[in-house]
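A.B. asks: Sequence and predicted model, in that order:
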Amino acid sequence: MNRFLYPSRTFARRRVQSSPQKILGKVLVGTADPRLRRRLSRFLRRWADTVECCLAGRECFEMAMNALSEGEPFDLILVDTDLPVLDAYSVTSLLRDNDYPATIISFSGDYFPMYELESEEAGCNGHLHTDTIEQTLPGFFAYESAVNS
């Protein structure tokens, strides 16, 4: 039996015990891609109490505003630049026009420097490539928790 394919129970137990703390309350993921939605939801559930998903930009905006009106806004909103109806930049602009307090990060499958500029102009806190989200967000979470503590 190959121990790299079948880790010992001790190793598995150590991995579970060293899982990250949940430092976020609510997270909203807006993407029309079902695989990416599942992947990000699974990843973010390790960091957040609640992860909600939406398929379109208008739905993303409405869910965020409903949460704000209920007094429980999202802590983090991840928005795909390829959302139907409203893209990430339009959603972010609308949310910022309504003084939405959450951290908003846009992401896309392609990466061009102009995406960062467009994200910044719309009011996003950053722009990520879909392939680097899982590697980049933990550092962002660590920075945010250090700043807020």
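C.D. replies: Everything's here; your move. Numbers count the residues shown, from 1 in each chain.
A.B. asks: what about the chain, any weak spots by pLDDT?
C.D. replies: 1-21, 143-149 (pLDDT under 70).
A.B. asks: Tell me where it has helices.
C.D. replies: Residue ranges of the helices in the chain, as given by DSSP state H, are 9-17, 34-44, 57-69, 88-97, 113-122, 133-148.
A.B. asks: contacting residues around the residue nearest to the spatial centre of the chain?
C.D. replies: With distances taken as CA atoms, centre = their mean, the residue of the chain nearest its centroid is Leu78 (3.7 Å). Applying CB atoms under 8 Å, 6 or more residues apart in numbering, we find Leu78 in contact with 27-31, 40, 44, 105-107, 133. Backbone N, C-alpha and C define where each C-beta goes, glycine included.
A.B. asks: now with 6 Å?
C.D. replies: 29, 105 (CB atoms under 6 Å, 6 or more residues apart in numbering).
A.B. asks: what is it paired to in the beta sheet?
C.D. replies: As for beta bridges, Leu78 partners with Val29, Ile105 under DSSP bridges.
A.B. asks: And it, how far from Val27?
C.D. replies: The gap separating Leu78 from Val27 is 7 Å, by CB to CB, to the nearest Å.
A.B. asks: what do you get for Asn98?
C.D. replies: From Asn98 to Val27 the distance is 19 Å (CB to CB).
A.B. asks: residues near Leu128, how many?
C.D. replies: Residues lying near Leu128 (other CB atoms under 10 Å) number 22.
A.B. asks: and what of Thr130?
C.D. replies: Around Thr130 sit 18 other residues, with neighbours defined as other CB under 10 Å.
A.B. asks: That one contacts Gly109, doesn't it?
C.D. replies: Yes. Between Thr130 and Gly109 there is a contact under CB atoms under 6 Å: 5.0 Å.
A.B. asks: Quickly list what the nearest residue to Asp110 once chain neighbours are set aside is bridged to.
C.D. replies: Ranked by CB to CB, 6 or more residues apart in numbering and with sequence neighbours excluded, the top spatial neighbour of Asp110 is His129, at 7.7 Å. Beta-bridge partners recorded for His129 (DSSP bridges): Ser108.
A.B. asks: I'd say His129 and Tyr111 touch.
C.D. replies: Yes. Counting by CB under 6 Å, His129 touches Tyr111, with 4.5 Å between them.
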